[in-house]
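>>> Sequence plus the predicted model coming up.
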Amino acid sequence: MSALRRFLDSWLAALGLAIVLVVLFGALFAEFLIPFDPDAQNILMRLKPPMWRGADGVHLMGTDALGRDIFSRLVMGARVSLLVGVASVVISGVVGVTFGLIAGYEDKYVGRVLMAITDIQLAIPFLVLALAVAAVVGPSLWNIIVILGLTNWVQYARVVRAECLSLREREFIQAAHTMGIGVGAILVRHLLPNVMSSVIVISSLLVAKMILFESSLSFLGLGVPPTTPTWGTMIADGRNYISHAGWIATFPGLAIFVTVVGINLIGDRLRDMLDPRLRQMEG
Amino acid sequence: MLAFLVIRICYAAVVVFGVSLAVFFLIRIGGDPTTLFLPPEASAEDIARFRHVMGFDRPLPVQYLDFLHRALQGDFGHSLRYDQPAMALVLERAPATLALSGLALAMSLVIAVPLAILAAAYRGTVVDRISLLISLIGQSFPAFWLAIMLILLFSETWGILPPSGRGGFEHLIMPSIVLATYSTAIITRLLRSSMIEALQSDYVRTARGKGVSEPRIILKHALRNAAIPTITVIGLQVGALLGGAVITEEVFAYPGVGRLAIQAIANRDFTVVQAFVLVMAVTIVSINLLVDLSYAALDPRLRGK
């Protein structure tokens, strides 16, 4: 428990954790929290302003152009954002850490080829790559998760490789090698545990980025299919009504912003606690 | 130094070649775009003829080698949509994107560099807190939403700036603010932590002991060393920053290469997407090459190597 206490020593980190817990709670129990069916259209109730500005005050955050309740859609959208954020980071982590471990331990031929692949990845503007692939394979929740996962692993690979290059010279790794332990076992049992703190820090900050990326792709209409309420598609919907129904785009944007701030606060705290050196290796 | 330069340039060429290979195959996983360009009532023979004329009926590796052969002669294919050379389309829009990115980068540096220096020099004070707050907020803003909110405020409500398009300087203000937000946050954060580390180093202590003035220590001794890791990461982030330009251009209907790329993707205009990605890759690789070379300028120890 002392780790948690140390984590909460910073009130900003506590605030971040509180934000993330609220969003997580909303995502998990969305069905019980929403006052309206998020997809129910009601042409009589279209473009109603938020409760505190409207006369009839039934819709907390107002309604969109089809009369759907914005608050209900916002809560359902939390589910997509968190799912995409976490699942895509898991994929990136697995790919990037594997690359980094191998490239850091065997830096002769395999390692160089792997690092060339990361440089190629870095030379392609990620968003364009993701858009192009999304346009070709078609928008679906799982496609987006895989695309984001496979286009954002470079940071893991670079950091893990750099750490492995120095760990490799340490006595316990040399000893394991001399004892005849196989490469796979050295990578997984001896190197992996030693890079985990960096991996945790990168992952926490990457979840925040992934949520931003997903909302960007959905905003451009190439993310999650438009039938699923997501924060990005809600902003895209609201964009056309910006002059007279600004609330449609405002609330989902605030939701993204607050969630991402919360996750970044957690990530910053984890970095300070686990791996201060990483400050200069990330971006 | 010369050998280093030659090796780096060769490696850069290999990376660009790898990018061309990756992009060529990735945008074709969905099959050829024949049906998008022919009317639904096109006969089977018409479709077959179109595919043959466009070369879509050949095996992908053959198509790639053909593409590479032509590309090396400066022919990057015709846009399927606009009936113009793809590369010309991209290059025609490049100055607009360059103006936007350049202004955004200048804005970021003007804000981030002094802020980071002050934050590191007066660590733990109000200035430092503000710098942390700015980098947190800047990193957390969805760019497209910030763009919409700025349009709501400056165009719809106050009517002082044009909401979209390209023309005079006033068309550049909002897009470059949006584009600068993320890079300002990143540069502030990286430079601040590098500066803090540099200010605690032995050479700074030595300089202080020798009685060198504090501004000189900060600007000459610490900043020079802190700049290296910061520039490295900015170099690595160029791809992400250019990706940000794509979204920004789209929201502001700003006619740069990013908007062209999004339209090309929507139209399955393969040749334009390819030309765009290659131009971007060459830009990114060149910037990183310059970053490597700039180390020599910043760090005398590396000059001999």
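Looks like it came in fine.

>>> what sits against the most centrally placed residue in chain B?
In chain B, the centroid-proximal residue (CA atoms, centre = their mean) is residue B:242; its distance is 2.5 Å. The contact partners of residue B:242, by CB atoms under 8 Å, 6 or more residues apart in numbering or on different chains, come to A:125, B:101, B:258, B:280, B:283, B:284. All C-beta spots, glycine's among them, are computed from the backbone N, C-alpha and C.

>>> again with residue B:60
Contacts of residue B:60 (CB under 8 Å, 6+ apart): B:24, B:25, B:28.

>>> What score does it have for pLDDT?
Here the pLDDT value assigned to residue B:60 is 82.

>>> same thing with residue B:94?
90.

>>> hang on, it is in a helix, isn't it?
Yes: counting by DSSP: H, G, I helix; E, B strand; the rest coil, residue B:94 falls inside a helix.

>>> in the stretch 51-200 of chain B, what spans have low per-residue confidence?
Across the stretch 51-200 of chain B, nothing is flagged by pLDDT under 70.

>>> Close to chain A: what parts of it are there?
B:136-137, B:139-145, B:148-149, B:151-152, B:156, B:186, B:190, B:193-194, B:197 (CB under 8 Å from any CB of the partner chain).

>>> Which of the contacts of residue B:242 fall within helices?
In helices, defined here by DSSP state H, the members of these are B:101, B:258, B:280, B:283, B:284.

>>> Tell me which residues touch the fourth one, please.
Contact analysis of residue B:283 by CB under 8 Å, 6+ apart lists B:238, B:242.

>>> circling back to that earlier point, could I get the contacts of residue B:242 as CSV with distance to residue A:152?
Shown next, in CSV, are these (distance: CB to CB, whole Å):
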residue, distance to residue A:152
A:125, 13
B:101, 22
B:258, 19
B:280, 17
B:283, 20
B:284, 16
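
>>> What's the separation between residue B:255 and chain A?
Per CB to the nearest CB, to the nearest Å, residue B:255 is found 17 Å from chain A.

>>> quick revisit: and the pLDDT at the residue nearest to the centre of chain B?
79.

>>> Look up which helix or strand it falls in, please.
Taking DSSP states H and E as the definition, residue B:242 sits inside helix B:223-251.

>>> Next, the buried residues of that helix.
Residues of helix B:223-251 classed as buried: B:223, B:225-251 (neighbour count, 16 or more other CB atoms under 10 Å in any protein chain shown).

>>> Any residues of the stretch 151-283 of chain A in contact with chain B? List them.
Residues of the stretch 151-283 of chain A lying near chain B by CB under 8 Å from any CB: A:208, A:212, A:215-216, A:219-220, A:222, A:232, A:235, A:238-239, A:242-243, A:246, A:249-250, A:252-253, A:256-257, A:260-261, A:264-265, A:268, A:279-283.

>>> If you count residues, where's the longest helix of chain A?
helix A:70-105.

>>> Show me what it is packed against.
helix A:11-28, helix A:30-33, helix A:110-122, helix A:141-151, helix A:154-167, helix A:192-219, helix A:231-239, helix A:247-274 (3 or more CB pairs under 8 Å, 6 or more residues apart in numbering or on different chains; DSSP states H and E).

>>> Can you tell me which of those helices is nearest to residue B:91?
For these, proximity to residue B:91 was assessed by CB to CB; helix A:110-122 is nearest, at 22.6 Å.

>>> Downstream of the closest one, the next helix or strand is which one?
helix A:126-137.

>>> Among the contacts of residue B:60, name the ones that also lie close to chain A.
Among the contacts of residue B:60, proximity to chain A is found for residue B:28 (CB under 8 Å from any CB).

>>> which of the residues in the helix or strand hosting residue A:7 are buried?
Element membership of residue A:7, judged by DSSP H and E, is helix A:2-8. For helix A:2-8, the neighbour count (16+ other CB under 10 Å) marks residue A:7 as buried.

>>> what's next to that helix, contact-wise?
A:13, A:14, A:17, A:269, A:270, A:273.

>>> which ones are touching the fourth one?
In other words, residue A:269. A:7, A:10, A:12, A:13, A:16.

>>> ditto for the first one
Applying CB under 8 Å, 6+ apart to residue A:13 gives the contacts A:7, A:265, A:266, A:268, A:269.

>>> Any regions of the stretch 1-150 of chain A where pLDDT drops low?
Judged by pLDDT under 70, the stretches of the stretch 1-150 of chain A that qualify are A:1, A:54-57.

>>> Go through the contacts of residue B:242 and name the one nearest residue A:104.
Of those, the one sitting nearest to residue A:104 (CB to CB) turns out to be residue B:284, at 23.9 Å.

>>> any idea how far that closest one is from chain A?
The value you get for residue B:284 to chain A, if CB to the nearest CB is used, is 5 Å.

>>> Pull the number of nearby residues for that residue.
When neighbours are defined as other CB atoms under 10 Å in any protein chain shown, residue B:284 has 26 of them.

>>> And for residue B:143?
22.

>>> Can you give me the first-to-last residue distance of stretch A:131-144?
10 Å (CA to CA, to the nearest Å).

>>> ok, that stretch near chain B or not?
Yes: judged by CB under 8 Å from any CB, stretch A:131-144 and chain B are in contact via A:131, A:132, A:133, A:135, A:136, A:137, A:138.

>>> wait, what's in contact with the fourth one?
In this case it means residue A:135. A:222, B:30, B:265, B:266, B:268.

>>> Among those residues, which one lies nearest to residue A:83?
Closest to residue A:83, out of all of these and judged by CB to CB, is residue A:222, at 17.7 Å.

>>> Could you check which helix or strand contains that closest one?
Going by DSSP H and E, residue A:222 is not in any helix or strand.
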